[in-house]
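Everything below, folded, please.
(one chain, ligands or ions: 3)
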Amino acid sequence: MRYSVKANSLTTLNNDCLVVAVWGKGTLSDEARDLDRGTSKAISNLIKSGDFTGKIGQTQLLHNPAGIKAKRLLLVGAGTKSKFVAANAVKFIKAAARAVCKTQAASAHFALGSIEVKDRDAYWAATQIAQACEEASYHYTTTKSSKGKALALKTVSISPFAGARRKAQSDALKTGQAIGHGLNVARELGNLPGNICTPTYLAEQAKALANRTKSVTTQILSEKQMARLGMGSLLSVAAGSAEEAKLIVMQYKGGPAKSQPYALVGKGITFDTGGISLKPGLAMDEMKFDMCGAASVFGVMNAIVEMKLPINVVAVVAAAENMPGSKATKPGDIVTSMSGKTIEILNTDAEGRLVLCDALTYVERFNPRTVIDIATLTGAAVATFGSVVSALLSNDDALAKTLLDCGQQSGDPAWQLPLWDDYQRQLNSNFADIANIGGPKGGTITAACFLSRFTEKMKWAHLDIAGSAWNQGAEKGATGRPVPLLLEYLRRQKA
Ligand code: BES
Ligand code: MN
Ligand code: ZN
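Ligands and ions are numbered 1, 2, ... in the order given. Sure thing, here's the model as predicted:
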């Protein structure tokens, strides 16, 4: 998609689809009023009919409106003007983008220059429009024999928002586009089935990214190399699978060579059967999404390349398949992690932390400024937060605060849980340095406590995205979260 800022008169703008806002109770926005005049009251007549009220997210398409050049007029309800805050603006923009993508329009113009979001600026709005268009344009088809009609939309323009610099608005569109691309990369990887998206497949994606751009280099560690590094914990997860585990390292160099990198670590369990502690059958297919942490890391890496962020980032993906094969790890087995700590594996279904702890120890060698791991780690996070927020735990209050703010700003929120020492004793083991489960109480916290034992030397945050990474039901599919949150964080950092 191509994006631009266009200050043309709306009635003479030659475009396939003009998008305008109507406030609640049918109050026309400035642009809608302009077009209502141009179309001899097509809009106000529609509102009079009662079919369209301007309720938030409501859409109505008018074809070949007489009196103006545009082929379509898309009215989008914006709800109560005094309540037009970020959350409502996102609802509104997403509804508009989705409706545009459903049409055969090749060009669309968002005529929203007069619209003000109470708690955000015009650049935020421009970013959201581009991001929403990219998100709405994604449709999973990879493993369908019939791909359906290709998306018609090719160009998107916006009217300049009042009082905002033109160049900055077009930069904001580019940013939104990159975030959208990142989201879609993450969604596609998440949606692919476990028999295609294996650890080897993920490794190939990293190589492909490195081949596309000079700013990224990659290194793929085999099981043999991991064994040499002493990654007994990570390897214990892959032991029951015919698929070889991979430790995928991607380094993005956008800042000065010596500048300390920011580190991302993703859980990449390409399928989680639970291992010998086998999961029940119901909805087990959804455990193909157990690599969504890794997918978000790929999404972020793609986006920062596109954004040319002036910082260094190192990404480590711990990719493995958790299967109950004859060589699988058994409950009670004890393994030695790369850190030297021994782990009693009481439940082979608590495998995410087992791959992450070795990846976190490995990332120490890059001396990162901060490290954030992203993982579909616990069912307890789903029980606690549902799908609305990601769980955040951290050993650094400033980092946690920044990430919470980035989540709010990007519309991809997280909520903090306490990482208090009082929870650590639940991981005591009579036979090893630490057990891999902490019992039924506070599961999201004890999982983070486990990871905290391997991140003592770093400023570290953990995002448990078990609830936010994918949708269930009719809309089943990966969400791409928390790509927007992570990009907001990285965009704020300096080299
Ligand atoms: N991948 C799962 C967590 C999960 C479960 C995410 C359901 C989304 C939906 C993870 O590997 C797991 O199985 N965790 C166990 C840990 C337990 C054995 C301590 C869980 O949460 O049940
Ligand atoms: Mn599991
Ligand atoms: Zn898992």
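
all contacts plus neighbour counts: C-alpha atoms, from now on.
Noted.

so who does the closest residue to ligand 2 within the stretch 101-250 of the chain touch?
Closest to ligand 2 within the stretch 101-250 of the chain is Val237: 9.9 Å, counting by CA to the ion. Val237 makes contact with 320-323, 328-329, 348, 351, 354-355, according to CA atoms under 8 Å, 6 or more residues apart in numbering.

residue ranges of the helices in the stretch 1-150 of the chain, please?
Using DSSP state H, counting those that start in this stretch, the helices of the stretch 1-150 of the chain run over 30-38, 42-49, 86-102, 122-137.

and the ones you listed, which is most packed in?
Of these, the one with the most neighbours on average (mean count of other CA atoms under 10 Å) is helix 122-137, at a mean of 24.

what's that one packed up against?
helix 86-102, helix 166-191 (3 or more CA pairs under 8 Å, 6 or more residues apart in numbering; DSSP states H and E).

what kind of secondary structure is the closest residue to ligand 1 within the stretch 101-250 of the chain in?
As assessed by CA to the nearest ligand atom, ligand 1 sits closest to Val237 within the stretch 101-250 of the chain, at 10.6 Å. Following DSSP: H, G, I helix; E, B strand; the rest coil, the label given to Val237 is helix.

ok, back up a step: report the separation between the residue of the stretch 101-250 of the chain closest to ligand 2 and Tyr201.
The spacing between Val237 and Tyr201, counted by CA to CA, to the nearest Å, is 18 Å.

what does Lys327 give?
As judged by CA to CA, Lys327 and Tyr201 stand 23 Å apart.

Comparing those two, which residue is more hemmed in?
Tyr201 (17 against 13; other CA atoms under 10 Å).

quick one: pLDDT of that one?
Looking at Tyr201, its pLDDT is 99.

With the flanking residues excluded, which residue is spatially nearest to the residue of the chain found nearest ligand 2?
Minimum separation of the chain from ligand 2 (CA to the ion) falls at Asp349, amounting to 3.6 Å. Excluding the flanking residues, the one nearest Asp349 by CA to CA, 6 or more residues apart in numbering is Gly274, at 4.0 Å.

contacting residues for Asp290?
267-272, 375-376.

most neighbours, which of those residues?
Neighbour-wise, the contacts of Asp290 (other CA under 10 Å) top out at Gly268, 35 neighbours.

Would you verify that that residue is located in a strand?
Yes. Applying three-state DSSP, one finds Gly268 inside a strand.

hey, what's it bridged with?
Beta bridges link Gly268 to Ala319, judged by DSSP bridges.

pretty sure it contacts Val317?
Yes. The pair Gly268 and Val317 passes the contact test of CA atoms under 8 Å, sitting 6.1 Å apart.

Mind listing the shared neighbours of those two?
Common contacts of Gly268 and Val317 (CA under 8 Å, 6+ apart): Ala294.

quick one: the strands in the stretch 301-450 of the chain?
312-322, 333-336, 342-345, 371-375, 390-394, 414-416, 434-435 (DSSP state E, counting those that start in this stretch).

what's the most buried one of these?
For the strands of the stretch 301-450 of the chain, the largest average neighbour count (mean count of other CA under 10 Å) is found in strand 312-322, namely a mean of 29.

Would you mind listing the buried residues in stretch 439-459?
Neighbour-count burial for stretch 439-459 flags 443-452, 454-455, 458-459 (criterion: 16 or more other CA atoms under 10 Å).

where's the spatially closest residue to Trp460 that is not a sequence neighbour relative to Asn191, distance?
In space, and not counting its chain neighbours, Trp460 is closest to Val371: 4.8 Å by CA to CA, 6+ apart. With distances taken as CA to CA, Val371 is found 26 Å from Asn191.

can you check Gly38 too?
Counting by CA to CA - Gly38 and Asn191 are separated by 45 Å.

do Gly268 as well
13 Å.

how does this structure divide into domains?
2-159, 185-492 (automatic domain parsing).

Would you confirm that Ala469 contacts Leu463?
No. Checked against CA under 8 Å, the pair Ala469 and Leu463 is beyond contact range at 10.8 Å.

Who has more neighbours out of those two?
Taking other CA under 10 Å, Ala469 and Leu463 do not tie; Ala469 has more neighbours (30 against 24).

how about the more buried one, what does it touch?
Ala469 sits next to 289, 292-293, 376, 387, 478-482 when contact means CA under 8 Å, 6+ apart.

Please repeat the previous calculation with a cut-off of 7 Å.
292, 478-481 (CA atoms under 7 Å, 6 or more residues apart in numbering).

Show me these that map onto helices.
Within the contacts of Ala469, membership in helices is found for Cys292, as judged by DSSP state H.

could you check the distance from the nearest residue to Lys459 once chain neighbours are set aside over to Gly50?
Nearest non-adjacent residue to Lys459, counting by CA to CA, 6+ apart: Thr370, 4.9 Å away. Noted for Thr370: a distance of 55 Å to Gly50, by CA to CA.

Name the residue in the two with the higher neighbour count.
Neighbour count, other CA under 10 Å: between Thr370 and Gly50, Thr370 has more, with 16 against 10.

Please verify my assumption that that one contacts Ala263.
Yes. Assessed by CA atoms under 7 Å, Thr370 is found in contact with Ala263 at 6.1 Å.

ranking the domains of the chain by burial, who's on top?
By mean count of other CA under 10 Å, these have domain 185-492 as the most buried, with a mean of 21.

where do the helices sit along the stretch 251-400 of the chain?
Taking DSSP H, counting those that start in this stretch as the test, the helices found in the stretch 251-400 of the chain are 292-307, 352-363, 379-385, 397-410.

For Leu229, find the nearest of those helices.
helix 352-363 (8.8 Å; CA to CA).

so how far is that closest one from its chain's centroid?
Centroid separation for helix 352-363 versus its chain: 21 Å, with CA atoms, centre = their mean, to the nearest Å.

cool, stretch 306-313 as well?
That offset, for stretch 306-313, works out to 17 Å (CA atoms, centre = their mean).

Show me what that stretch is in contact with.
175, 178, 251-255, 259-263, 491, 494-495.

List the residues that contact Pro193.
Contact analysis of Pro193 by CA under 7 Å, 6+ apart lists Lys288.

In three-state terms, label it for me.
coil.

OK, contacts around the residue nearest to Pro418 when sequence neighbours are not counted?
Spatial nearest neighbour of Pro418, chain neighbours left out: Leu393 (6.7 Å); criterion: CA to CA, 6+ apart. Contact partners of Leu393, counting by CA under 7 Å, 6+ apart, are 416-419, 448, 461-463.

Pairing partners for Leu393 in the sheet, please.
Bridge pairing for Leu393 - DSSP bridges - gives His462.

where does it land on pLDDT?
Looking at Leu393, its pLDDT is 99.

The strands of the stretch 301-450 of the chain into TSV, with extra columns for distance to ligand 2?
Compiled in TSV, the strands of the stretch 301-450 of the chain are given as follows (distance: least, CA to the ion, whole Å):
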stretch	distance to ligand 2
strand 312-322	8
strand 333-336	16
strand 342-345	12
strand 371-375	11
strand 390-394	17
strand 414-416	22
strand 434-435	15
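
what would the ones you listed look like in JSON lines with distance to ligand 1?
Output for the strands of the stretch 301-450 of the chain, formatted as JSON lines (distance: least, CA to the nearest ligand atom, whole Å):
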{"stretch": "strand 312-322", "distance to ligand 1": "9"}
{"stretch": "strand 333-336", "distance to ligand 1": "15"}
{"stretch": "strand 342-345", "distance to ligand 1": "10"}
{"stretch": "strand 371-375", "distance to ligand 1": "8"}
{"stretch": "strand 390-394", "distance to ligand 1": "12"}
{"stretch": "strand 414-416", "distance to ligand 1": "16"}
{"stretch": "strand 434-435", "distance to ligand 1": "10"}
